[in-house]
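# Below are the sequence and a predicted model for it; my questions follow.
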Amino acid sequence: MSVFRRDERQAALRLIGATPGRIAGMTAAEAALTGAAGALLGAAGYALLLPAAAEVPVAGGSWYAADLWVGLPVLLAVLAEVVATVVVSALVGLRQVVVGPLGVARRSRPTRMSFVRALVFVAVILGYWWFTEHKESEINGVLGFFAVVFLALSVIGPWAVGVLGRIVSARARRPATLLAGRRLLDGPKSAWRTVSGLALAGFVAGFFALFSTAGGSPWGSPDTLAVAVPKSRVSVAQHEARDRLEAAGITATVGSDTDWVAMGGGENSVQVTATVPGGAENLDRARTALASLVPGQYPLTGTDVRWSGTVFAQDFTTATRIVLGITFITAIASAGITAASSVLDRRPTYGLLRLAGTPLRILDAARRKETLIPVAVLAGGSVLTGIFTTAPVTLAGGGSSSLDAGGIALLAVCLGLGIAGVMGASALSRPLLRAVTERAGPSPE
């Protein structure tokens, strides 16, 4: 929220003779302090959330907080990396201040996005399509390309915002729409920062909507026990199974089939089955009676076999909800912060417009449209990109590449809540807009 004002101050210092080294040192110190404060706050949040995170069921049960503690060396390394990333990011942004301080002071930075960005994105998509068509078994390569496509969205995003601004400006019929279009066209990077979180979150939602798993099994019945026996001993095993069940006082239907519930029989085996009515108690008694029917074999039901698949499906659903929740919360928080910083960034422009007689409601409506238009377009495009890039991964894993009702519902909920959250976060900066325009003097510049 303070980056633009900092650039203005540093440009002024540069114009009165401050050396690039002095400017860089000031910037690095300020970024290190704020980065360290944020990193420590995040580490405290991590420690406080450990007990709650340990209660999340994974692999059929909860965990201890100590299982989720990464250790002090790793935590310190992460803190150092966060601070270093913030410092490097701040220093990289100094180039314009050092090379062209007068342009920064006069707010004359170039904003047009090159068409090369779109070409890069198309090239990445075509490369991904070619790789998945010719390297179907290279799942690691597919996942690597998947990450490249994710990064390519950040490359094409500002260019797409600039194109939207040009279209909206040309077709605008109301003042608020014209202002929104001009802002998108004049500051595509700034507008992209507001909606980028939700666009990338939509990409993640598109991934999870298609890449789903089910814990069900196509074979077996919950009340049918099965034991694999050699084909030559099927009749003998069936007769012995009936005798054992009758001796135990259990009514059951003994038969055989070629399903794959029973394990360990090999290709020359057939599974002998016993369908036991009467509920779980009778089923357990029948399991005990047939336990030693075939040496090395234990009577199984379809429920027993698909237990691990069911647990995995439950874990996948839990992970999906957690990842999507964190992603969209982060995107909404980022949109709110960026919207507030945008108001501060454009304080002189808003002040001039207000002094020229533009109603506050028009300025606020333009700000809403400036967020809603790119969100509606780019979030939808990101979802489609996520679905497109996920299809080869699901096919390589033996899954389906089509959306089901659950996937469609997931997308609808994510996009609905995401757009509502971003617009709500943006609305929180409305009092800041009012304060900025009310304090505008006769010469906001």
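All right, it came through fine.

# next structured bit after the worst-scoring helix or strand of the chain on mean pLDDT?
One helix or strand of the chain scores below all others by mean pLDDT, DSSP states H and E: helix 101-105, with a mean of 48. Next along the chain after helix 101-105, taking DSSP states H and E as the criterion, comes helix 116-134.

# What is the subsequent helix or strand relative to that next one?
The element immediately downstream of helix 116-134 (helix or strand, assigned by DSSP H and E) is helix 139-171.

# Let me know the angle separating that next one from helix 116-134.
150 degrees (axes from the mean of the first three to the mean of the last three Cα atoms, to 10 degrees).

# Can you mark which positions in helix 139-171 are buried?
142, 145-146, 149-150, 152-153, 155-165, 168-169 (16 or more other Cβ atoms under 10 Å). For glycine as for every other residue, the C-beta is placed from the backbone atoms N, C-alpha and C.

# So for the residue most central in space within the chain, what's the nearest residue that isn't a sequence neighbour?
If you average the C-alpha coordinates of the chain and look for the closest C-alpha using Cα atoms, centre = their mean, you land on V204, 3.6 Å from that point. Nearest in space to V204, with sequence neighbours left out and distances taken as Cβ to Cβ, 6 or more residues apart in numbering, is T327 at 5.2 Å.

# Enumerate every residue touching that neighbour.
200-201, 204-205 (Cβ atoms under 8 Å, 6 or more residues apart in numbering).

# for the residues you listed, which one is nearest A335?
Distance to A335 across the contacts of T327 (Cβ to Cβ) is lowest for A201, with 10.2 Å.

# just the contacts of T327 now: which is nearest L48?
Of the contacts of T327, the one sitting nearest to L48 (Cβ to Cβ) turns out to be A201, at 24.4 Å.

# Off-centre distance for the helix or strand encompassing A39?
With the criterion set as DSSP H and E, the secondary-structure element containing A39 is helix 20-54. Put simply, helix 20-54 sits 23 Å off its chain's centre (Cα atoms, centre = their mean, to the nearest Å).

# Could you pull out the buried residues of that helix?
Under the neighbour-count criterion of 16+ other Cβ under 10 Å, helix 20-54 has 23-24, 26-28, 30-31, 35-36, 39, 50, 54 buried.

# Give me the neighbour count for the closest residue to A32 other than its chain neighbours.
Closest residue to A32 in three dimensions, ignoring its sequence neighbours and counting by Cβ to Cβ, 6+ apart: V87, at 5.4 Å. V87 has 19 neighbouring residues, counting by other Cβ atoms under 10 Å.

# Please determine how far V87 is located from V74.
If you measure V87 against V74 using Cβ to Cβ, to the nearest Å, the figure is 20 Å.

# Y46 too?
Applying Cβ to Cβ, one obtains 11 Å for the distance of Y46 from V74.

# circling back: so what secondary structure elements neighbour the helix holding A39?
For helix 20-54, the contact count by 3 or more Cβ pairs under 8 Å, 6 or more residues apart in numbering; DSSP states H and E identifies helix 3-15, helix 65-68, helix 72-92, helix 95-99 as packing neighbours.

# relative to helix 72-92, how tilted is it?
Interaxial angle, helix 20-54 versus helix 72-92 (the same axes, to 10 degrees): 140 degrees.

# lowest-confidence stretch among the helices and strands packed on helix 20-54?
Of all the helices and strands packed on helix 20-54, mean pLDDT reaches its minimum on helix 95-99 (a mean of 58).

# Give me the distance from stretch 165-172 to the chain's centre.
Using Cα atoms, centre = their mean, we find the averaged C-alpha position of stretch 165-172 to lie 31 Å away from the chain's own average C-alpha position.

# what's in contact with it?
Taking Cβ under 8 Å, 6+ apart as the criterion, the residues outside stretch 165-172 that touch it are 177-178, 180-186, 188, 191, 369, 373.

# In this structure the residue nearest to A32 contacts T34, no?
No. Here V87 lies out of contact with T34, judged by Cβ atoms under 8 Å, at a distance of 9.9 Å.

# could you show me where the helices are in the stretch 151-300 of the chain, in order?
Along the stretch 151-300 of the chain, counting by DSSP state H, counting those that start in this stretch, helices occupy 175-186, 188-210, 234-247, 280-289.

# so how far is the helix or strand just after the shortest one from its chain's centroid?
What it means is helix 280-289. Heading C-terminal from helix 280-289, the first helix or strand you meet, by DSSP H and E, is helix 302-305. Offset of helix 302-305 from its chain centre (Cα atoms, centre = their mean): 33 Å.

# Same question for stretch 44-62.
Average the C-alpha atoms of stretch 44-62, do the same for its chain, and the two points are 20 Å apart (Cα atoms, centre = their mean).

# Quick one: residues in contact with it.
Contact partners of stretch 44-62, identified using Cβ under 8 Å, 6+ apart, comprise 63-65, 67-69, 75, 311, 314-315, 318, 322.

# Format those as TSV; extra columns: distance to V227.
Listed next are the contacts of stretch 44-62 as TSV, based on distance: Cβ to Cβ, whole Å:
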residue	distance to V227
W63	36
Y64	39
A65	43
D67	38
L68	41
W69	45
L75	52
V311	24
Q314	28
D315	30
T318	34
I322	40
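
# are any of these buried, and which?
Using 16+ other Cβ under 10 Å as the burial test, the contacts of stretch 44-62 include 311, 315 as buried.

# got the angle for the longest helix along the chain vs helix 188-210?
Of all the segments assigned as helix in the chain under DSSP state H, the longest by residue count is helix 307-345. For helix 307-345 and helix 188-210, the angle between their directions (the same axes, to 10 degrees) works out to 170 degrees.

# Which SSE is immediately downstream of helix 307-345?
According to DSSP H and E, the helix or strand after helix 307-345 is helix 347-355.

# Show the secondary-structure elements that that next one is packed against.
For helix 347-355, where contacts count as 3+ Cβ pairs under 8 Å, 6+ apart, the packed elements are helix 360-396, helix 430-438.

# Now render those helices as TSV, adding mean pLDDT.
Shown next, in TSV, are the helices and strands packed on helix 347-355 (pLDDT from 0 to 100):
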stretch	mean pLDDT
helix 360-396	81
helix 430-438	84
